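Asker: Make a model of this:
(chains A and B, ligands or ions: 1)
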Amino acid sequence: MSSRDRILGRIRRAVADGAPDPAVPRDYFQVHGTRTPAQTADLLAANLAEYRAKVHRVDEDGLAPLLMRLLAARGAQTVLVPPALPPYWLSAADPTRIHDRAVSTAGELDRVDSVVTGCALAIAETGTIVLDGGPEQGRRRITLVPDHHICVVRVPGQVVDSVPQALRRLDPTRPLTWISGPSATSDIELDRVEGVHGPRTLEVVLLTGPAE
Amino acid sequence: MTGTFVGMPSFPAFPAFPEAAREAVGDGVLRANLRHATHTIRDKRARAVAELADWDRLRAAGKAVKDHTLRHLDRYLLQLEESVTAAGGTVHWAADADEANRIVTGLVLATGHREVVKVKSMATQEIGLNEALEAAGIAAYETDLAELIVQLGHDRPSHILVPAIHRNRAEIREIFAAEMGRWGRPAPDGLGDDPRELAEAARLHLREKFLRAKVAVSGANFMVAETGTMVVFESEGNGRMCLTLPETLISVVGIEKVVPTFRDLEIFLQTLPRSSTAERMNPYTTMWTGLGPSRGADGDGPSAFHLVLLDNGRTDTLADEVGRQALRCIRCSACLNVCPVYERAGGHAYGSVYPGPIGAILSPQLRGTGSEIDASLPYASTLCGACYEVCPVAIDIPEVLVHLRERVAQGGPVTREGVRVRIRPAHGHTAERAAMRAARLLLDRPAALRAGERLLARARRLRPRRLPGPGRAWTDARDLPELPPEPFRDWWARERGGRA
Ligand code: SF4
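Answerer: Prediction:
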């Protein structure tokens, strides 16, 4: 008998006692509280900041100059660019653009200073941004290996209030990465230290203006 | 009775709980480290939970999802197998630790590589995978900072969430300075003991490994039957590295980790981080479904994915009407942080990768109660109920402890490796002596109980009045399982004149 059959057989015998089969109560909240879109954006900003992401707010006109300033402040010489990042986002930035290609190795990515991406959505109640590998975000690895990640969130179009709302908008077949603040550890005497393995600096730009 | 082997084969046999605990209680540094850690997390957790007005409903929903899944575990595992396969993954089934180790070792050898990077995973610790790989000439590198500390220190993990919680910064500095160079990039000269500096040394040491790794081994927090989606919660980004950069990914996951639908994750994405690290959300959660839409063709994520579904005593646990609720556990570690016994005894005293209250009910079920350590574990508790109160999936740990005490003391029917057998009472055997020593150790250490006492009044109303089924007779005949009508400390003061 294969282990598969053995395990399935054991399970069937184990539950043959007619264990109760409770219905799952779904009376938990779909959202915690009622907010205007502006309040939702404020909550997102506050929760991101509490988890030590740096938060910036800007409109369409200010985006390119802001991204230029943020990259300059880091002294970034090179910036990774996902395939479909709107070109005007980086139209004012000086650093050399590195286009991510399937053949780029992890070692090559490790030599890039910063990465700029969009996102799939952001969750206000938890201060989380979610990436799904879409064309404005690129491959998972590009937001992981460089030490500095700038993520642009369109407000209000890409912001939801809660985790249940987020799951309803996401496609589980896509590679999903949920990010809440920069990489962190509390393994040494529970002192929180940022950036053990992932990017040490996460900057989130809340972009207001006409969606898309 | 034979017990399925779960544990760490390269270490000597574990002493029974009382011996190990006695040693730990005498270790002042260990106790100070533990106390600081558990109290810090516990207070933060209470605040994070209080933020959600629907916490009790989320908890009830989480419990119900798990119970429903366990009830139909065969169906959901088959559905999972189908969806993972459809998404380009390969599913393997392992009845026990040996088989799982054989499968993983074979898969690694087939890649032609002799190094793997590992995401912190309790399932692979449970089966002793690192040792099995080593025996096959494969080096396994733990990449979670705490696991790295444990691995470099030739040590054992002592907490589910923060496995190196028993080490302070000075000890960690020593370990890094002495050991890193033997495995790869050495620690920088003049390394200090500031956590920031230590984390930086780990970053550099491990980055070298991530960038060249071709094979990774992980566990998973959840698997979604409907879609085949795997989910890993973490903080540091080492998980993302291992799940993304290597060419081959092998995930070893206990069969109880499956949930029916993608939507079910909305419950655990809210309850797990808050119960575990006391955060609204952990820094990183990675979800992947087979090889993804591009089938790994774009170099984003592995080009081969293997899922090893692990039984290793879980179906035997499922066969126990009272004990099966332990399979709801989502490994948040909240029960450890509130446990007055864990706080004093430390994680190593539990003799398994699952320490604390959950370990006290899980290990004797996965392994059977045949050994001294497993027979003593159901007694490693004050039954104060604090663990039940914090558990995000409402596992009634005290109820299971009492049930397992009955098994140790009275014997009775159990399922071992799928076969219904009857075990004899432990009378006169080493097992019972170990159990009685564990009970005595606790009663002899009133200070260990005090923290629990404060919770006792509140917890008492949550305790079942009497055990169901065969346990009833036992509760009628013995005093231990019922919570006393008065707090233990009052009883202690009366009986022993307050001598502490
Ligand atoms: S038993 Fe409950 S509280 Fe303890 S680790 Fe498991 S889920 Fe968390």
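
Asker: From the contact counts, what lies against the helix or strand encompassing residue A:108?
Answerer: Using DSSP states H and E, residue A:108 sits in helix A:106-110. When contacts are defined as 3 or more CB pairs under 8 Å, 6 or more residues apart in numbering or on different chains; DSSP states H and E, helix A:106-110 packs onto helix B:195-212. Bear in mind the C-beta positions are built from the backbone N, C-alpha and C, glycine included.

Asker: Mind listing the strands the next helix or strand after the helix it packs on pairs with, and their directions?
Answerer: Using DSSP H and E, the next helix or strand after helix B:195-212 towards the C-terminus is strand B:215-218. When sheet partners are counted by DSSP bridges, strand B:215-218 sits next to strand B:115-118 (parallel), strand B:248-254 (parallel).

Asker: Contacts made by strand B:215-218 with the rest, please.
Answerer: When contacts are defined by CB atoms under 8 Å, 6 or more residues apart in numbering or on different chains, strand B:215-218 is touched by residues B:104, B:108, B:111, B:113, B:115-119, B:121, B:124, B:129, B:140, B:232, B:239, B:242-243, B:245-252, B:302.

Asker: just for the chain, where's the confidence low?
Answerer: Defaulting to chain A. Chain A contains residues with pLDDT under 70 at A:210-212.

Asker: The chain in question should be chain B.
Answerer: B:1-14, B:427-432, B:439, B:441-500.

Asker: Quick check, the residue in it closest to chain A?
Answerer: residue B:237 (2.6 Å; CB to the nearest CB).

Asker: Give me the buried positions along stretch A:181-197.
Answerer: A:181-190, A:193-197 (16 or more other CB atoms under 10 Å in any protein chain shown).

Asker: Pull out the buried residues from stretch A:46-55.
Answerer: For stretch A:46-55, burial by neighbour count (16+ other CB under 10 Å) applies to A:47-48, A:51-53, A:55.

Asker: Cross-check the residues you listed against chain B and keep the overlap.
Answerer: Filtering these for neighbours of chain B using CB under 8 Å from any CB of the partner chain leaves A:47, A:51.

Asker: from the buried residues of stretch A:46-55, which ones fall inside helices?
Answerer: Per DSSP state H, helices hold the following members of these: A:47-48.

Asker: and of the buried residues of stretch A:46-55, the nearest to residue A:96?
Answerer: residue A:53 (25.4 Å; CB to CB).

Asker: Spatially nearest residue to the closest one (excluding sequence neighbours)?
Answerer: Nearest residue to residue A:53 in three dimensions, chain neighbours excluded: residue A:202, at 4.4 Å (CB to CB, 6 or more residues apart in numbering or on different chains).

Asker: For the one you found, which residues are in contact?
Answerer: By CB under 8 Å, 6+ apart, the neighbours of residue A:202 are A:52-54, A:149, A:151, A:179, A:181-182.

Asker: So residue B:361 sits against residue B:374, correct?
Answerer: No. Using CB atoms under 8 Å, residue B:361 makes no contact with residue B:374, being 10.9 Å away.

Asker: which of the two has more neighbours?
Answerer: Counted by other CB atoms under 10 Å in any protein chain shown, residue B:361 and residue B:374 do not tie: residue B:361 has more neighbours, with 31 against 27.

Asker: how far off strand B:248-254 does the helix or strand harbouring the more buried one point, in degrees?
Answerer: Per DSSP H and E: residue B:361 is located in helix B:356-366. Orientation check (axes from the mean of the first three to the mean of the last three CA atoms, to 10 degrees): helix B:356-366 against strand B:248-254 gives 90 degrees.

Asker: Is there proximity between helix B:356-366 and the ligand?
Answerer: Yes. For helix B:356-366 and the ligand, the contact criterion (CB under 6 Å from any ligand atom) is met by residue B:358.

Asker: Perfect, that will be all.
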